[in-house]
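The following comprises the amino acid sequence and a computationally predicted model.
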Amino acid sequence: MATIGKNIHHAVQVLSEGQVIGMPTETVYGLAGNALNEEAIVRIFEVKNRPRFDPLIAHIGHRDQLTDLAKDIPSQAVQLIDAFWPGPLTLLLEKTTVVPHLLTSGSSRVAIRLPAHEVARALLSKVHFPLAAPSANPFGYVSPTTARHVHDQLGDRIPYILDGGPSAIGLESTIVGFEMGRPVVYRLGGLTLEAIEDVIGEVTLQRNKSSNPAAPGMLKSHYSPGKPVIIGDVPELLEQYDAQKTGVISLSEQYDVLEMQALSPSGSVTEAAQHLFRVLRLLDDSDVEVILAERFPDEGLGRAINDRLERAGAR
Ligand code: TXA
Ligand code: MG
């Protein structure tokens with residue numbers, strides 16, 4: 001069973017042996033291993049039970065490492081880096097030959113992120129390689145936002161989980177790439193579309209709604225708890241479902257149901273994002289038979305929250 005701890009030196013040692021560990025970031029917890037070591041990469045795919053066609057993000061601790069891994073970097077990518085690194089932004093860039101094909105699932109592009117979490121940065125500054133880290137959940141399940149979440153699901157498959165407290169953002173990073181020189185957002189996350197457009201102007205949103213695994217980003221049914229999740233107008237939905245078998249996720253409204261989870265009593269979407277995945281886990285583990293979720297306003301982080309709720313509900 002994995003030990004949960006705060007020992008960065010131990011984490012460095014375990015990673016240097018080619019093993020994989022749980023790592024905190026400000027978005028969600030990652031399952032980290034040496035991104036340049038094929039055995040470590042294979043181990044990550046195995047632990048997550050993730051298909052090899054779904055590539056991994058390389059995390060770096062310093063901007064200088066970028067050009068080791070990526071080339072032909074568009075000027076708009078540099079603008080985004082200047083504005084949002086360290087932070088919840090992942091860039092898809094042309095890879096250099098240093099990056100193993102296994103990491104990118106054969107793609108010529110590599111996903112790179114410079115996380116802001118202090119513990120992640122301390123760890124990255126001490127290892128001498130980038131860290132491959134998908135979210136530390138079994139493939140297809142909700143991402144973890146605490147060390148305990150990682151332990152609950154992957155604790156029997158990894159030696160160590162570095163504890164950095166609850167993830168401050170609570171949603172995965174936003175993924176941006178370039179097609180024919182134009183910026184494309186493949187996954188909405190902790191960095192909003194509005195913030196990106198303020199810096200580089202209009203971007204195309206290309207969320208993968210199909211289940212085409214070759215497309216970057218994500219599969220349609222992802223972030224899924226085991227129970228059905230239905231997103232919409234809660235009072236209307238409650239006319240169709242038995243309140244005593246129902247869990248409800250709202251921003252701040254209260255309803256008389258078996259499990260009521262208002263994500264932010266003060267109505268803060270930022271706070272709602274922090275709690276979303278924890279609450280999905282909690283309701284999944286509760287006695288409710290169905291989870292009803294309020295649709296958030298389609299702006300700012302609300303867009304990413306709606307995206308995750310829709311994917312949680314997709315079958
Ligand atoms: O916030 C995050 O991004 C977290 C933390 C741990 O950094 N990581 C994360 O990783 O969410 P993961 O693997 O769960 O999601 C990364 C997504 C995947 O859907 C994958 O398909 C896409 O990024 N991706 C990674 N590399 C790619 C590549 N070379 N081309 C296209 N898509 C890529
Ligand atoms: Mg994931």
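Looks like it came in fine. Ligands and ions are numbered 1, 2, ... in the order given.

and stretch 256-273, anywhere near ligand 1?
No: between stretch 256-273 and ligand 1, judged by CB under 6 Å from any ligand atom, nothing touches; the nearest distance is 12.1 Å. All C-beta atoms are positioned from the backbone trio N, CA, C, and that covers glycine.

average pLDDT across that stretch?
Mean pLDDT, stretch 256-273: 98.

Near the closest residue to residue 255 other than its chain neighbours, how many other residues are there?
Sequence neighbours aside, residue 248 is the residue nearest to residue 255 in space, at 5.0 Å (criterion: CB to CB, 6 or more residues apart in numbering). As a burial measure, residue 248 scores 26 neighbours (other CB atoms under 10 Å).

what does the one 4 residues further on give?
The number of residues packed near residue 252 is 14, by other CB under 10 Å.

Secondary structure element holding it?
For residue 252, there is no enclosing helix or strand under DSSP states H and E.

What are the boundaries of the helices in this protein?
Using DSSP state H, the helices of the chain run over residues 8-16, 38-48, 66-69, 75-84, 101-104, 118-126, 147-154, 193-200, 234-238, 269-285, 301-313.

now those in CSV, with mean neighbour count and distance to residue 25?
Shown next, in CSV, are the helices of the chain (neighbours: other CB atoms under 10 Å; distance: least, CB to CB, whole Å):
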stretch, mean neighbour count, distance to residue 25
helix 8-16, 17, 13
helix 38-48, 19, 15
helix 66-69, 17, 18
helix 75-84, 16, 14
helix 101-104, 19, 18
helix 118-126, 19, 5
helix 147-154, 21, 12
helix 193-200, 15, 18
helix 234-238, 15, 32
helix 269-285, 21, 13
helix 301-313, 22, 16
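
Reformat the ones you listed as TSV; add distance to residue 112.
Shown next, in TSV, are the helices of the chain (distance: least, CB to CB, whole Å):
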stretch	distance to residue 112
helix 8-16	18
helix 38-48	15
helix 66-69	6
helix 75-84	9
helix 101-104	11
helix 118-126	12
helix 147-154	23
helix 193-200	16
helix 234-238	39
helix 269-285	23
helix 301-313	20
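
Quick check: which of the ones you listed is nearest to residue 164?
Among the helices of the chain, helix 118-126 comes nearest to residue 164, with 3.7 Å by CB to CB.
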